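Peer 1: here is the input, now give the coordinates:
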Amino acid sequence: MQRFAHSARGESKEPTNIRFKKASTSNLQLKIQKTVDCPFNLGGESQCGRVVDEVSCYCATFTERNHSSQTTYCNNNNMKLLTLETYEKEQAIKAAWIGILFWTSLTDAQQEGQWIWESTNTNLYPGYANWAISEPTNADNQDCMYFSSSPVRDWDEFYCSAGCAAICQAIP
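Peer 2: Numbering: from 1, shown residues only. Reported below is the predicted structural model:
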């Protein structure tokens with residue numbers, strides 16, 4: 001008999017007993033993953049889904065706010081502003097929400113030219129980057145990165161005070 005702890009949210013709760021009627025002749029492997037709650041939306045003008053994998057949640061808010069306000073919006077919903085650590089993740093996001101400019105948590109506001117994912121406090125380099133040609137320019141206090149969910153556009157830096165949509169993420 002095997003005993004496992006589980007819940008609908010992936011958190012440990014009371015143990016569950018699993019009994020097999022016959023002894024298994026194969027080597028079974030059980031993969032247990034922690035998941036995060038994923039609401040249908042975060043209120044008006046937003047949409048959520050498990051667009052990258054089956055355990056994380058991504059919520060697009062289509063209300064345009066400045067970078068700081070979008071960060072606060074995500075935090076108030078127990079999420080973080082988007083990070084794009086891989087090409088595959090970026091492509092999954094682009095496939096889910098097409099043709100919109102979204103803020104990410106990538107910024108060089110603390111030190112010009114040193115790009116950091118604020119949501120994870122991780123340096124961009126060495127790591128995945130998808131800057132548009134001639135970007136980043138590191139000029140004119142353009143300290144926040146947005147990306148277009150259009151298949152043909154890449155990352156661009158812009159003024160943090162400008163309004164853009166955003167994607168919040170919750171990752172276990």
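Peer 1: show me the contacts for residue 127.
Peer 2: Contacts for residue 127 were tallied using C-beta atoms under 8 Å, 6 or more residues apart in numbering; they are residue 85. No exception for glycine: its C-beta is placed from N, CA and C like everyone else's.
Peer 1: apologies, that question was intended for residue 83.
Peer 2: With C-beta under 8 Å, 6+ apart, residue 83 has these contacts: 104, 105, 106, 117, 119, 120, 122, 169.
Peer 1: what's around the fifth one, how many residues?
Peer 2: Put plainly, it is residue 119. Neighbourhood size, residue 119 [other C-beta atoms under 10 Å]: 20.
Peer 1: list the buried residues for stretch 149-168?
Peer 2: By 16 or more other C-beta atoms under 10 Å, the buried positions in stretch 149-168 come out as 149, 155, 156, 157, 158, 160, 164, 165, 166, 167, 168.
Peer 1: repeat for stretch 113-123
Peer 2: For stretch 113-123, by 16+ other C-beta under 10 Å, it's 115, 116, 117, 118, 119.
Peer 1: from residue 157, how far off is the second one?
Peer 2: To tie it back to what came earlier, the one meant is residue 116. 13 Å (C-beta to C-beta, to the nearest Å).
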